[in-house]
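1. Sequence plus predicted model, see below.
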Amino acid sequence: MNPLLSRLQPYPFERLRQLHADVTPNPAFKAISLGIGEPRHATPQLIKDALTASLSGLASYPGTLGEPKLRQAMADWVARRYDLKLDPATQILPVNGSREALFSLAQTVLDAGKPGATVVCPNPFYQIYEGAALLAGAQTWFAPSDPARNFAVDWAGVPEAVWAKTQLVFVCSPGNPTGAVMSLGEWKLLFELSDRHGFVIASDECYSEIYFRDEAPLGGLQAAAALGRHDFKNLVSLTSLSKRSNVPGLRSGFVAGDAALIKPFLLYRTYHGSAMSPVVQAASIAAWNDEQHVVANRAMYREKFAQVTPMLSAVMDVALPDAGFYLWAGIPEAFKGSDTAFSRELLALYNVVVLPGSYLARDAQGHNPGAGRIRMALVAETAECVEAAQRIVQFIQSKVH
Ligand SMILES: Cc1ncc(COP(=O)(O)O)c(C=O)c1O
């Protein structure tokens, strides 16, 4: 057996299941889960239609590179969204969702044969970053993103000795769970560090189309171009349809950026067997070519967050994020910092599931930046999220008074 498997940590939802195993939810309330970040708005009809219209694609093996018209649709979307001109032949690759691409990219770029091979991750973070690093034989170093810097990741605080061993940095912008978007200044710092130490930057941008400010989130490639890095040296961004188009089951996204990374990534993927089904390719072309459903989807999230955020901010430390579909809230002092106790009691008394923040982060440099916080995924319809918020308000008020 691969000994590295034993280094993997239980997934946050497994820990949540165990935390709640002996809790009996109050049967007076209908169950509401704000736990899992799975989009629940309806899948657009045009994507379903494109899928069913292309079932003939089941009869042939797809190439790992994907059809040229798929890569062109992705490049066209990047051009519209970020005002960037990418070469679809060398700078874009289709992937089966960003999760598998985050994982397989790490296997492609990491060289565990070099002493101390290190991957720097934000903290809290999406757990795939850690698993990808560990299974590639590397070690992790966690850079905190906490309220003190308005949830910007403290890249400047990573010691030089760590950077010297770093081969890969995961960026998550917009962040899960914080919703924070990296600024051009933060990108500049990270590019300078990458130039100095030679590491690759994987920018996970799967929440890029769900945002609450007027300006759309800055993308990694866009930041690079703005700073004159037109070859995107050592940078790839990962974009997904799952959240943008409400198709988490389609498993479709793309990786774009430095052609010198895309080429070995394609080689790796050929052996890994991660070509995208022709049926999914057809549905993805339809999805990337349509922006109307994305605008409508964003409007639904904006309406939902506009209703829920002020309700909760009256009783806990939470604000409208830049982007994403999570509220990342500090729990009131009455809970003495225990996000797990908060989650258990809320389930027992009000039948609402929230994820303890400490499950999304690691103890690093003496503290867990997720402790004392909870993550609420506002993925259900507005009325259900509002009801969950009302129950949370009651729960907190009953505890505080
Ligand atoms: C930060 C982050 N990255 C990547 C993913 C994976 O998304 P997908 O594989 O559906 O593109 C998720 C899913 O929840 C996520 O939260």
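-> Thanks, I have the structure now.
2. can you give me the helices in the chain?
-> 12-20, 45-52, 68-82, 98-109, 128-135, 160-163, 184-197, 220-226, 241-244, 259-272, 278-288, 292-313, 339-350, 382-400 (DSSP state H).
3. Just put those helices in JSON lines and tack on distance to G366 and mean pLDDT.
-> In short, each C-beta sits where N, CA and C put it, glycine included. Shown next, in JSON lines, are those (distance: least, Cβ to Cβ, whole Å; pLDDT from 0 to 100):
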{"stretch": "helix 12-20", "distance to G366": "22", "mean pLDDT": "96"}
{"stretch": "helix 45-52", "distance to G366": "47", "mean pLDDT": "98"}
{"stretch": "helix 68-82", "distance to G366": "38", "mean pLDDT": "98"}
{"stretch": "helix 98-109", "distance to G366": "27", "mean pLDDT": "98"}
{"stretch": "helix 128-135", "distance to G366": "19", "mean pLDDT": "98"}
{"stretch": "helix 160-163", "distance to G366": "16", "mean pLDDT": "98"}
{"stretch": "helix 184-197", "distance to G366": "23", "mean pLDDT": "98"}
{"stretch": "helix 220-226", "distance to G366": "30", "mean pLDDT": "98"}
{"stretch": "helix 241-244", "distance to G366": "34", "mean pLDDT": "98"}
{"stretch": "helix 259-272", "distance to G366": "34", "mean pLDDT": "98"}
{"stretch": "helix 278-288", "distance to G366": "44", "mean pLDDT": "98"}
{"stretch": "helix 292-313", "distance to G366": "29", "mean pLDDT": "98"}
{"stretch": "helix 339-350", "distance to G366": "18", "mean pLDDT": "98"}
{"stretch": "helix 382-400", "distance to G366": "28", "mean pLDDT": "95"}
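4. Adding mean neighbour count and distance to A31, write those helices out as CSV.
-> Below are those laid out as CSV (neighbours: other Cβ atoms under 10 Å; distance: least, Cβ to Cβ, whole Å):
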stretch, mean neighbour count, distance to A31
helix 12-20, 16, 11
helix 45-52, 16, 28
helix 68-82, 19, 37
helix 98-109, 22, 26
helix 128-135, 22, 27
helix 160-163, 14, 43
helix 184-197, 16, 39
helix 220-226, 22, 38
helix 241-244, 24, 23
helix 259-272, 16, 38
helix 278-288, 24, 31
helix 292-313, 16, 18
helix 339-350, 20, 9
helix 382-400, 17, 10
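5. And those helices: which comes nearest L235?
-> helix 220-226 (5.5 Å; Cβ to Cβ).
6. Quick check: nearest residue in space to A341, chain neighbours excluded?
-> F335 (6.0 Å; Cβ to Cβ, 6 or more residues apart in numbering).
7. measure whichever residue of the stretch 301-401 of the chain sits closest to the ligand to K69 for me?
-> Nearest to the ligand in the stretch 301-401 of the chain, going by Cβ to the nearest ligand atom, is G324, at a distance of 8.3 Å. From G324 across to K69, the span is 30 Å (Cβ to Cβ, to the nearest Å).
8. Kindly report the same for W187.
-> 31 Å.
9. do G219 as well
-> 23 Å.
10. ok, P124 - contacts?
-> S145, P177, T178, G357, L360, A361, P369, G370 (Cβ atoms under 8 Å, 6 or more residues apart in numbering).
11. Is the third one in contact with G330, as I believe?
-> No - T178 is not in contact with G330 according to Cβ atoms under 8 Å; the separation is 11.8 Å.
12. So between those two, which is more surrounded?
-> Legend: neighbour count by other Cβ atoms under 10 Å for T178 and G330, higher for T178 (31 against 16).
13. got a pLDDT number for the closest residue to the ligand within the stretch 251-400 of the chain?
-> Residue nearest to the ligand within the stretch 251-400 of the chain (Cβ to the nearest ligand atom): G253, separated by 4.8 Å. Note for G253: predicted pLDDT of 98.
14. what do you get for Y11?
-> 94.
15. Likewise for H401?
-> 72.
16. Against the ligand, how distant is the nearest residue to R362 once chain neighbours are set aside?
-> Nearest residue to R362, sequence neighbours excluded (Cβ to Cβ, 6+ apart): F142, at 5.3 Å. Relative to the ligand, F142 is positioned 15 Å away (Cβ to the nearest ligand atom, to the nearest Å).
17. F142 and N368 touch, don't they?
-> No - at 9.6 Å, F142 does not count as touching N368 under the criterion of Cβ under 8 Å.
18. Find residues that contact each of the two.
-> With Cβ under 8 Å, 6+ apart, F142 and N368 have common neighbours A361, R362.
19. okay, the two: which has more neighbours?
-> F142 (24 against 20).
20. so what pLDDT did the more buried one get?
-> pLDDT, F142: 98.
21. show me what contacts it?
-> Contacts of F142 were listed using Cβ under 8 Å, 6+ apart, and they are V120, C121, P122, N123, F125, A361, R362, A364, Q365.
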